[in-house]
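Asker: A structural model of the following input is requested.
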Amino acid sequence: MSKLGINLRQAEEVIIRPRLTEKATLLSKQTKPVYTFEISPVATKATVAAAIKKLYKVAPVKVQVIKLPAKYKMNRGRLGRTSAVR
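Answerer: This next block holds a predicted model:
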């Protein structure tokens with residue numbers, strides 16, 4: 001991994017919020033702890049690892065990034081769309 005000089009403000013911009021889901025909770029209980037976050041759409045694995053190291057003061061072993069597409073849902077008879085996240 002390259003040396004990334006990332007300050008606290010930049011780290012907060014990379015990691016938007018923790019994503020607590022049933023799947024992540026089950027994975028965390030069965031195996032080694034797994035943590036999921038919603039991140040900035042332009043963030044890379046290296047910047048995510050540096051942000052986690054800066055915010056939580058732990059060194060991540062592995063970083064995986066996926067894109068979740070938006071989904072269309074019906075709400076009160078109208079078609080709506082959930083937001084896409086990364």
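
Asker: Going by residue numbers, what spans are helices in the chain?
Answerer: Here the chain has its helices, by DSSP state H, at 8-14, 22-30, 45-56.

Asker: got the ones you listed as CSV, with mean pLDDT and distance to Ile66 columns?
Answerer: Any C-beta I mention is one placed from the backbone N, CA and C, and that applies to glycine too. Formatted as CSV, those follow (pLDDT from 0 to 100; distance: least, CB to CB, whole Å):
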stretch, mean pLDDT, distance to Ile66
helix 8-14, 78, 16
helix 22-30, 85, 12
helix 45-56, 90, 11
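
Asker: Skipping its backbone neighbours, what lies nearest the residue nearest in space to the middle of the chain in space?
Answerer: For the chain, the residue nearest the mean C-alpha position is Phe37 (2.5 Å; CA atoms, centre = their mean). Closest residue to Phe37 apart from its sequence neighbours, by CB to CB, 6 or more residues apart in numbering: Ile15 at 5.1 Å.

Asker: Beta-bridge partners for that neighbour, please?
Answerer: Beta-bridge pairing of Ile15 under DSSP bridges involves Ile39.

Asker: That one contacts Lys53, doesn't it?
Answerer: No: contact criterion CB atoms under 8 Å: Ile15 and Lys53 do not qualify, at 11.1 Å.

Asker: okay, now Lys67: neighbour count?
Answerer: 8 (other CB atoms under 10 Å).

Asker: show me the contacts for the residue sitting furthest away from the middle of the chain.
Answerer: Of all residues in the chain, Gly77 has its C-alpha farthest from the mean position, at 31.9 Å, by CA atoms, centre = their mean. Residues near Gly77 by CB atoms under 8 Å, 6 or more residues apart in numbering: none.
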